[in-house]
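**Q** Sequence plus predicted model, see below.
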Amino acid sequence: MLSIGDRAPAFSLLSDSGEKVSLKDLLDRTLVLYFYPRADTPGCTSEANQFRDAWRELEKAGARVVGVSADSVEDLQKFRDKYKLNFPLLSDSSHHTLEAYGVWQEKNMYGRKSMGIVRTTYVVGPDGTISHVFPRVKVDGHIHEVLTALKG
């Protein structure tokens, strides 16, 4: 897991629109980079919808939101369209970026261990430095934590 003050690792990933997007493309303003386990599951849908609905407040705070998961571009397109998401979703099926950000970890569910994405949000300044880290995010209230961090 990365810490406040760390440089955000560079990446270049395919977006839900099939275009390559790199970190440097996103740093024209503050970046809210959130990692979520799987598109169109209850927690991930709730989190995405909260970011969608807070779009105006995020814009006012000078921030953009980008979601990252290991889902395929096709699954991300369906997820975006189904919930009318107004921010890009990036696909990291290779797990390289997920590993670089420390969110690809062993998880234990009902006694079964497996590798997966631990829901995490990073706020990255235009200089590429991480200003806030939200590890093991609980979806309820998370958007308020992010907005408070951006305003503070």
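**A** Structure's in. What do you need? None of the values given here were measured: they were computed from a predicted structure.
**Q** Break down this protein into its strands, ranges please.
**A** Per DSSP state E, the chain carries strands over the ranges 12-15, 20-22, 30-35, 63-69, 89-91, 104-109, 112-117, 120-124, 130-134.
**Q** Could you dump the ones you listed into TSV and include mean pLDDT, mean neighbour count and distance to Leu98?
**A** Just so you know, the C-beta spots here come from the backbone N, C-alpha and C atoms, and that holds for glycine as well. Putting these into TSV (pLDDT from 0 to 100; neighbours: other C-beta atoms under 10 Å; distance: least, C-beta to C-beta, whole Å) gives the following:
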stretch	mean pLDDT	mean neighbour count	distance to Leu98
strand 12-15	98	17	10
strand 20-22	98	14	15
strand 30-35	98	23	7
strand 63-69	98	22	7
strand 89-91	98	25	10
strand 104-109	90	12	4
strand 112-117	93	12	6
strand 120-124	98	23	10
strand 130-134	98	18	15
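**Q** got the angle between the helix or strand bottoming out on mean pLDDT in the chain and strand 120-124?
**A** The element with the least model confidence among the helices and strands of the chain, by mean pLDDT, DSSP states H and E, is strand 104-109, at a mean of 90. With axes from the mean of the first three to the mean of the last three C-alpha atoms, to 10 degrees as the basis, strand 104-109 and strand 120-124 are set at 150 degrees to each other.
**Q** Which residues does strand 104-109 contact?
**A** 95, 98, 113-118 (C-beta atoms under 8 Å, 6 or more residues apart in numbering).
**Q** Which one of the strands of the chain lies nearest to Arg56?
**A** strand 63-69 (11.4 Å; C-beta to C-beta).
**Q** which secondary structure elements does that closest one contact?
**A** strand 30-35, helix 42-53, helix 55-60, strand 89-91 (3 or more C-beta pairs under 8 Å, 6 or more residues apart in numbering; DSSP states H and E).
**Q** Val103 and Ile117, how far apart?
**A** Relative to Ile117, Val103 is positioned 5 Å away (criterion: C-beta to C-beta, to the nearest Å).
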